[in-house]
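# Return a 3D structure for these sequence lines:
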Amino acid sequence: MVNALAQVPASFLYALGTLRKARCRSELRLDEIPAPARLAPFAVALGAEVIVPSSGRDRTPVHGPAAMALSGSAAAGTAAGASAGDDDNDGEELATGRFILLHDPDGSAVWDGEFRIVTYIRAQLDAEMGNDEMLGSVAWTWLVEALETHHAPYRAAGGTATRVLSESFGTLADRPASIDIELRASWTPAGADVQAHLEAWSDMVCTFAGLPPLPDGVSALPRRRRS
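Numbers count the residues shown, from 1 in each chain. Next comes the predicted model:
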């Protein structure tokens, strides 16, 4: 029987090794999740969550979109907390994300390379703040500057920033309206060493969650006016 690893290209194994070397912030929970099977011959996927304990003395983050959401329903992080089975059970979920590394040994004209990184980040906003016209462009700027700060060379980057409005009615009418910001982005790393790319993206998730400090030169999303 042929060892399954023998079928995996050396370049992809090398890329996996660089992912394991990534040093991410301690507030970020990072776990391997099932990778999509149809996007490329080889793929690996990581899921990320940023959760703060509900019992924390000061749950309001200093920066970012999550600062606008913590005053809302305490149910925001229930699902993620229940799956943790630890001290995060009563936590507030500030941001979630997915990081997918794709590899096609034959290369792809669409990717302009043999590797492609596909990412997703989501965080909740206050409804008032979510109407800011600059929201999407600021989120994209965060990504570009995070890659540059971590010296993660890339090309052929593209993405979409989306605002998702949630309103409650009937027995749930007392829940405040909220808007989620979603950033879907993909880019081609310059080579198989993707350590800096994962580190840059993980910082992005923490930035969306509102965890300080922000990297030099990165601007926070506009904060909600306090009443």
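# Mind exporting the C-alpha coordinates of whichever strand or helix holds D203 to CSV?
Taking DSSP states H and E as the criterion, D203 maps to helix 195-209. Extracted C-alpha coordinates of helix 195-209, given in CSV (Å, rounded to 0.1, in the frame of the first residue of the first chain):
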residue,chain,number,x,y,z
GLN,A,195,3.8,31.6,7.4
ALA,A,196,3.6,35.4,7.2
HIS,A,197,0.3,35.2,5.3
LEU,A,198,-1.3,33.3,8.1
GLU,A,199,0.1,35.6,10.7
ALA,A,200,-1.1,38.7,8.7
TRP,A,201,-4.6,37.2,8.4
SER,A,202,-4.8,36.2,12.0
ASP,A,203,-4.0,39.8,13.0
MET,A,204,-6.8,40.9,10.7
VAL,A,205,-9.3,38.7,12.5
CYS,A,206,-8.1,40.2,15.8
THR,A,207,-8.4,43.7,14.3
PHE,A,208,-12.0,42.9,13.3
ALA,A,209,-12.6,41.7,16.8
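# Isn't Y14 up against Q195?
No - taking CB atoms under 8 Å as the definition, Y14 is not a contact partner of Q195, at 10.8 Å. No exception for glycine: its C-beta is placed from N, CA and C like everyone else's.
# Which one of these two is surrounded by more residues?
Remark: of Y14 and Q195, Q195 carries more neighbours, 18 against 13, as counted by other CB atoms under 10 Å.
# Return the distance of that one relative to C206.
Q195 sits 17 Å away from C206, going by CB to CB, to the nearest Å.
# Just the helices from the protein, written as ranges.
10-20, 78-84, 135-149, 195-209 (DSSP state H).
# Please produce TSV containing those helices, extended by distance to A185 and mean pLDDT.
Putting the helices of the chain into TSV (distance: least, CB to CB, whole Å; pLDDT from 0 to 100) gives the following:
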stretch	distance to A185	mean pLDDT
helix 10-20	18	94
helix 78-84	22	38
helix 135-149	6	88
helix 195-209	9	92
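# Pick the most deeply packed of the ones you listed.
helix 195-209 (a mean of 26; mean count of other CB atoms under 10 Å).
# Direction-wise, compare that helix with helix 10-20 and give the angle.
For helix 195-209 against helix 10-20, the angle by axes from the mean of the first three to the mean of the last three CA atoms, to 10 degrees is 40 degrees.
# Quick one: distance of helix 195-209 to the chain centre.
Computed by CA atoms, centre = their mean, to the nearest Å, the chain-centroid distance of helix 195-209 equals 7 Å.
# what packs against it?
helix 10-20, strand 28-33, strand 42-53, strand 91-108, strand 113-126, helix 135-149, strand 178-189 (3 or more CB pairs under 8 Å, 6 or more residues apart in numbering; DSSP states H and E).
# switch the cut-off to 6 Å
In terms of contacts (3 or more CB pairs under 6 Å, 6 or more residues apart in numbering; DSSP states H and E), helix 195-209 is packed against strand 42-53, strand 91-108, strand 113-126, helix 135-149.
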